[in-house]
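**Student:** below are the sequence and a predicted model for it; my questions follow.
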Amino acid sequence: MLARVTTFAIDGLEPRAVTVEADIRSGLPAFTIVGLADRAVSEARERVRAALLNSGFEFPLRRVTVNLAPASLRKAGPGFDLAIACAVLAASGQISPEPLAGHGVFGELSLGGEIRPCRGVLAAAEGARQAGLTAVLVARERMGEAGLVPGIAVAGIDRLARLPAVLAGERLTPPSAPDVAPDAPATAADLLDLADVRGQALAIEALAVAAAGGHSLLLEGPPGTGKTMLARRLPSILPPLEPQEALEVTRIASIAGLHEGHGLATRRPFRAPHHTISAAGLIGGGPVPAPGEATLAHRGVLFLDELSEFDRRALESLRQPLEDGHVTVVRANRSARFPARFALIAATNPCPCGRAASSCRCGEAELARHRRRLSGPLMDRIDLHASVGRPLLDDLVGSATTSSAEVRDRVVAARERQRARGRQANAELRGAALERALQLTSAAERLFARAYDADGLSARGRDRALRVARTVADLDGSDRVDREHVAAALAHRRRDAEALA
Ligand SMILES: Nc1ncnc2c1ncn2[C@@H]1O[C@H](COP(=O)(O)OP(=O)(O)O)[C@@H](O)[C@H]1O
Ligand SMILES: [Mg+2]
């Protein structure tokens with residue numbers, strides 16, 4: 001007998017419907033899975049067989065063939081187990097196939113027959129909706145995640161033995177979700193707070209501008225001045241996720257196996273990969289293309305500490321996402337496109353020995369290497385530059401100055417001003433959208449024109465400075481970009497000569 005069940009492969013970040021066909025006929029006992037499955041899927045054979053037997057079902061002692069269609073699609077991941085088990089049970093007459101029609105089935109089995117929560121449930125539920133199905137059957141633990149997709153009924157299952165009851169209409173309730181609203185303030189106790197930082201008012205202001213407008217930022221200064229400390233406190237001042245952004249972040253985290261909660265992601269991601277990371281690790285790769293750090297940082301922050309230590313090719317691979325907000329990963333005969341719209345925060349010493357300027361003891365070659373890493377196309381896409389100097393002794397003993405909560409309130413208000421103008425954060429404004437958003441006063445225009453000539457700004461440099469000026473004005477609660485906003489933006493610019501002297 002033949003039975004069919006619908007499940008989903010995750011192709012990059014996209015769900016693709018897969019039909020699981022199980023055919024059972026007489027012959028020597030055998031269990032074969034065909035249809036371009038990767039190893040984890042082939043291993044489903046062993047899990048399905050053991051799970052069936054341990055759940056009080058029989059495993060048919062005949063020739064069992066499971067086909068995954070379409071054969072051309074490469075199938076990866078563990079979400080196929082439950083669908084294969086359902087198809088085998090239906091084909092062998094142990095469950096009725098009717099209730100499964102209209103369902104998408106997605107879950108991993110343990111040998112004992114428990115349904116394990118697996119990666120990609122949100123994407124699978126989206127796939128079910130796209131395929132015109134009415135319901136999904138997933139691990140009970142992941143019901144909340146599947147329930148984020150509107151228009152799809154969610155059935156949960158915790159043990160395979162319960163399958164007949166669940167298909168007969170018995171509904172499990174999702175495990176109770178932690179009580180957090182999607183826009184719960186991110187100034188939770190577990191986030192590091194800016195109040196720990198003494199002094200560094202200019203760098204903190206640069207962080208606020210970066211958070212408010214989604215700009216990329218380079219923190220540059222000698223070792224031990226608090227660059228890492230500052231960057232790690234950025235999450236405490238980031239604006240909350242918009243509902244659509246929260247869905248995107250949840251879907252990516254779910255596919256990457258990073259999503260712990262029951263529902264929507266509540267925070268912008270903050271990713272801090274080590275400097276030994278490869279280009280593939282940063283932008284994604286692998287035989288079945290998997291998202292990299294740039295995509296895991298989507299809608300949040302990618303922090304590159306000790307920037308000059310990173311592999312040059314890895315750094316250059318970030319050009320595309322910084323420019324376009326996505327990456328394209330090409331592997332053999334296929335390519336995947338991943339979203340990657342993040343704010344880049346980088347920290348670096350001014351030179352390899354870190355002393356810089358007068359007391360620097362670096363050799364010519366070391367210095368040249370350092371400069372090469374910190375120049376070129378990547379630097380050209382960093383909007384803000386903050387020099388982090390040694391804090392004054394007074395600052396170190398003085399009482400705390402700025403708390404994250406204060407800064408975050410300003411950041412949120414500035415983000416709201418941007419939202420009122422359009423969908424894009426200031427860092428994303430290009431061309432006509434940038435000109436429309438600017439609203440320069442004539443005094444601001446005059447100042448900018450003078451600086452443009454005096455500093456020999458490039459066209460890209462001009463746009464960068466103006467985008468930052470727009471954010472400074474938004475932080476100031478101003479509809480128009482005035483002279484002082486342009487002046488502040490120019491001060492946040494990178495001064496190549498100075499920074500690398
Ligand atoms: N501005 C500062 N305020 C308070 N503590 C600081 C400051 N700068 C440095 N420190 C202390 O020095 C340590 C090292 O700072 P870190 O952020 O790692 O410096 P960097 O990344 O610039 O080398 C911190 O953990 C902190 O204890
Ligand atoms: Mg550091």
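**Tutor:** Cool, the structure landed. Note that the coordinates shown come from a computational prediction; the quantities given were computed from them, not determined experimentally. Ligands and ions are numbered 1, 2, ... in the order given.
**Student:** against ligand 1, how distant is Ala208?
**Tutor:** 16 Å (C-beta to the nearest ligand atom, to the nearest Å). For the C-beta atoms, the positions are set from N, CA and C on the backbone; glycine is no exception.
**Student:** and if you look at Gly292?
**Tutor:** Following C-beta to the nearest ligand atom, the distance that separates Gly292 from ligand 1 is 24 Å.
**Student:** what's around the closest residue to that residue other than its chain neighbours, how many residues?
**Tutor:** With sequence-adjacent residues excluded and distances taken as C-beta to C-beta, 6 or more residues apart in numbering, Gly292 is closest to Gly284, at 3.7 Å. Residues contacting Gly284 under the criterion other C-beta atoms under 10 Å number 27.
**Student:** what pLDDT does the residue nearest in space to the middle of the chain get?
**Tutor:** The residue lying closest to the centre of the chain (C-alpha atoms, centre = their mean) is Leu296, at 2.9 Å. On pLDDT, Leu296 comes in at 96.
**Student:** again with the one 5 residues further on
**Tutor:** In the predicted model, Val301 carries a pLDDT score of 95.
**Student:** thought it was touching Arg267?
**Tutor:** No: counting by C-beta atoms under 8 Å, Val301 sits too far from Arg267 to count as a contact (10.6 Å).
**Student:** those two: who's more crowded?
**Tutor:** Val301 (23 against 17).
**Student:** please name the residues that touch that one.
**Tutor:** Going by C-beta atoms under 8 Å, 6 or more residues apart in numbering, Val301 touches Leu234, Pro235, Leu238, Arg268, Pro269, Phe270, Arg271, Phe342, Ala343, Leu344, Ile345.
**Student:** please enumerate the shared neighbours of Val301 and Arg267.
**Tutor:** Pro235, Leu238.
**Student:** got the residues of the stretch 101-250 of the chain near ligand 2?
**Tutor:** Lys227, Thr228 (C-beta under 5 Å from the ion).
**Student:** what's the helix or strand for the nearest residue to Val412 once chain neighbours are set aside?
**Tutor:** In this structure, Val412 finds its nearest non-sequential neighbour in Pro239, 5.1 Å apart by C-beta to C-beta, 6+ apart. Using DSSP states H and E, Pro239 maps to neither a helix nor a strand.
**Student:** sec struct for Asp453, please.
**Tutor:** helix (DSSP: H, G, I helix; E, B strand; the rest coil).
**Student:** now it: how far from ligand 2?
**Tutor:** Here Asp453 is placed at a distance of 37 Å from ligand 2 (C-beta to the ion, to the nearest Å).
**Student:** now swap in Ala210 and tell me
**Tutor:** Where ligand 2 is concerned, Ala210 sits at a distance of 17 Å (C-beta to the ion).
**Student:** touching, Lys227 and Leu218? I think so.
**Tutor:** No: if you go by C-beta under 8 Å, Lys227 and Leu218 don't touch, sitting 9.8 Å apart.
**Student:** between those two, what contacts are shared?
**Tutor:** Ala347, Thr348.
**Student:** where does the stretch 1-150 of the chain dip in pLDDT?
**Tutor:** For the stretch 1-150 of the chain, the stretches with pLDDT under 70 are 78.
**Student:** please redo it, this time with the cut-off set to 80
**Tutor:** 36-42, 74, 76-78 (pLDDT under 80).
**Student:** residue boundaries of the helices in it?
**Tutor:** Along the stretch 1-150 of the chain, the stretches classed as helices by DSSP state H, counting those that start in this stretch are 39-42, 44-54, 81-91, 121-130, 143-146.
**Student:** mind checking which of the ones you listed is nearest Glu14?
**Tutor:** helix 121-130 (7.3 Å; C-beta to C-beta).
**Student:** got the contact list for the closest one?
**Tutor:** 6-8, 10, 13-17, 79, 103-104, 106, 135-136, 138-139, 142, 145-152, 154, 247, 250-251, 254-255, 259.
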